[in-house]
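Participant: Dropping the sequence and predicted coords here.
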Amino acid sequence: MKKIIVIPGDGIGKEITDSAVAVLKKVDEKFKIGLEFDYRDAGGASYDKYGEPLTAETLEACKAADAVLFGAVGGPKWDNIEVSKRPEKALFGLRKGLGLYGNLRPVKIYDALIDGSPLRPEIVAGSDILIVRELVGGIYFGPRCESEIVDGVERAFDTEVYSVPEIERIARLAFESARTRRYKKVTSVDKANVLASSRLWRRVVNEVAKDYDDVILEHLYIDNAAAQLTIHPTRFSILLANNGYGDILSDEAACLSSSLGLLPSISIGGITNFAESSSGSAPDIAGRGIANPIGEILSAALLLRYSLKNEDAAQAIESAVDKTLADGYRTADIYKDGLNRVNTVEMTNAIIDRI
Ligand code: NAD
């Protein structure tokens, strides 16, 4: 048996993980994988039950599993609680606890949805980007101060810290991933004109590149990279970024595809891989049954590919999603007049029918 820990979390997390599990059950039936699901709480849901966003027991269960399928955490209900108890702490605790140093986010532009992109079709057509984001270092984990008084003035700070081994391993992941792609190119993002940590980043990426002379390497400053994503997205194949820049660029890249709810991700490199949709808990639509489940369903496909090494099952899900979109099924976030408007469960069933 292959044990999957399912963590719905908060907001739309339950709705979209229900969809992904239903799809996984369908491929399990078809490909005889032997999946077993074990549900756990994290985020606000865990705080409400146990007073902690992530319990040691949940982390241990994740470490012992074959993979984790995660929904999303957070919401206004928990915005004003003590910082150390906030739902997002569960995510950081899981990433750190599982040693997940690399986050892979494929950004694909579906032909069927090209009109829904905020960019003109001739700019966005053919974009196919894999964002490789460093996930357990940098400014989100560096020394910080929430508040201190210096000379009678209140201030706060966060610190960007990267070590050579941290940069080396994420750079290797980017170059290895580039080798599996049609366009073998890595674009590394930094702010080396201003930041010391970026200068180290660039130096180490250049060193690692020497082992991959079949892969093209370019460096872009973060401000230029953000602009290029909207002006010329097809120039990218692998976009390698630190934790903070990767966080921002991946949401920007997600918008190319018309909805945050469409994109999957998987975090790897540690004890157990961790699949989750790129979006958050979408409190504005939670509980209404209208969330787009595709990002989470495609995350389940990545889980099959990267954790369970079942490429056939992964591709069965991905081509079922392609067909469902080509057949005109649309949740509210990607709906256009004249197409078939469906809710979360109807979209899920349409995908299952095509597996
Ligand atoms: P969000 O991604 O939750 O929502 C941004 C917008 O996209 C909203 O309008 C939302 O309705 C829409 N959207 C997102 N997913 C969708 C889907 N599947 N279908 C249709 N529409 C979708 O980001 P936010 O509003 O900045 O954050 C909301 C909460 O989520 C916050 O508490 C934040 O901290 C948390 N968050 C969690 C994660 C995570 O768990 N990995 C990631 C980002 C944000």
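Facilitator: The structure has been received and is ready for your questions. Numbers count the residues shown, from 1 in each chain.
Participant: Rounded mean pLDDT for the longest helix seen in the chain, please.
Facilitator: Counting by DSSP state H, the longest helix found in the chain is helix 13-31. Computed over helix 13-31, the mean pLDDT rounds to 98.
Participant: same check, this time on stretch 275-295
Facilitator: On average, stretch 275-295 scores 95.
Participant: what's the answer for stretch 191-203, then?
Facilitator: pLDDT averaged over stretch 191-203 gives 98.
Participant: what comes up buried for it?
Facilitator: The neighbour-count check on stretch 191-203 (16 or more other Cβ atoms under 10 Å) flags Lys191, Ala192, Ser197, Ser198, Leu200, Trp201, Arg202 as buried. From N, CA and C alone the C-beta is placed, and that goes for glycine too.
Participant: got the CA coordinates for that stretch in PDB?
Facilitator: Taking Å, rounded to 0.1, in the frame of the first residue of the first chain, the C-alpha atoms of stretch 191-203 are listed here in PDB:
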ATOM      1  CA  LYS A 191      19.300  41.200  -7.300                       C
ATOM      2  CA  ALA A 192      23.100  40.900  -7.500                       C
ATOM      3  CA  ASN A 193      23.500  44.600  -8.300                       C
ATOM      4  CA  VAL A 194      22.400  45.400  -4.700                       C
ATOM      5  CA  LEU A 195      22.400  42.400  -2.400                       C
ATOM      6  CA  ALA A 196      25.400  40.400  -1.100                       C
ATOM      7  CA  SER A 197      23.200  37.300  -0.700                       C
ATOM      8  CA  SER A 198      22.400  37.600  -4.400                       C
ATOM      9  CA  ARG A 199      26.000  37.900  -5.400                       C
ATOM     10  CA  LEU A 200      26.700  34.600  -3.600                       C
ATOM     11  CA  TRP A 201      23.700  33.100  -5.300                       C
ATOM     12  CA  ARG A 202      25.000  34.100  -8.800                       C
ATOM     13  CA  ARG A 203      28.500  32.900  -8.100                       C
END
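Participant: Distance from that stretch to the middle of the chain?
Facilitator: Chain-centre distance of stretch 191-203: 25 Å, with Cα atoms, centre = their mean, to the nearest Å.
Participant: by contact count, what packs against the longest helix of the chain?
Facilitator: Helix 13-31 is packed against strand 2-9, strand 35-39, strand 67-72, helix 294-306, helix 311-326, helix 344-353, with contacts defined by 3 or more Cβ pairs under 8 Å, 6 or more residues apart in numbering; DSSP states H and E.
Participant: Let me have those in TSV, extended by distance to Ile222 and mean neighbour count.
Facilitator: Below are the helices and strands packed on helix 13-31 laid out as TSV (distance: least, Cβ to Cβ, whole Å; neighbours: other Cβ atoms under 10 Å):
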stretch	distance to Ile222	mean neighbour count
strand 2-9	29	24
strand 35-39	38	16
strand 67-72	25	28
helix 294-306	24	27
helix 311-326	30	18
helix 344-353	35	19
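Participant: could the ones you listed go into CSV alongside distance to the ligand?
Facilitator: Output for these, formatted as CSV (distance: least, Cβ to the nearest ligand atom, whole Å):
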stretch, distance to the ligand
strand 2-9, 6
strand 35-39, 17
strand 67-72, 4
helix 294-306, 6
helix 311-326, 14
helix 344-353, 8
